[in-house]
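Undergrad: please work out how this folds:
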Amino acid sequence: MRLSFRTLQRGNAVRDALRHLSAWRLELQISSSPACRAGSRGLRPGC
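TA: From the prediction side, this is the model:
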């Protein structure tokens, strides 16, 4: 198995970036949803 550590690091960085991006988009969707705006802040801590 000849997978260099640098390639592995880059793969991890890309995966982390994608995870952060998807989490950020999810937060954006939740915070801009009408249910969140209507005042269900207790149900959704992310609001």
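Undergrad: just the pLDDT for residue 39.
TA: Residue 39 carries a pLDDT value of 57.
Undergrad: so residue 8, which state does it fall into?
TA: Recorded secondary structure, residue 8: helix (DSSP: H, G, I helix; E, B strand; the rest coil).
Undergrad: from residue 15, how far off is it?
TA: As defined by Cβ to Cβ, to the nearest Å, residue 8 lies at a distance of 11 Å from residue 15. Glycine gets a C-beta too; all of them are placed from N, C-alpha and C.
Undergrad: give me the number of residues near residue 4?
TA: Applying other Cβ atoms under 10 Å, we find 8 other residues in the vicinity of residue 4.
Undergrad: list phi and psi for it.
TA: Torsion angles at residue 4 (phi, psi; degrees, to the nearest 10) stand at phi -70, psi 150.
Undergrad: can you read off the pLDDT for it?
TA: pLDDT at residue 4 comes out at 83.
Undergrad: same check, this time on residue 34
TA: 68.
Undergrad: equivalent analysis for residue 15, please.
TA: On pLDDT, residue 15 comes in at 92.
Undergrad: and it, what are its phi and psi?
TA: Residue torsions, per degrees, to the nearest 10, at residue 15 are phi -60, psi -40.
Undergrad: now do the strands in the protein.
TA: In the chain, no strands are defined using DSSP state E.
Undergrad: burial of residue 11, as a residue count?
TA: Residue 11, neighbours per other Cβ under 10 Å, totals 11.
Undergrad: whoops, I mixed them up, residue 6
TA: Count around residue 6 with other Cβ under 10 Å applied: 8.
Undergrad: how much space separates it from residue 14?
TA: Distance of residue 6 to residue 14, given as Cβ to Cβ: 13 Å.
Undergrad: done for today, thanks.
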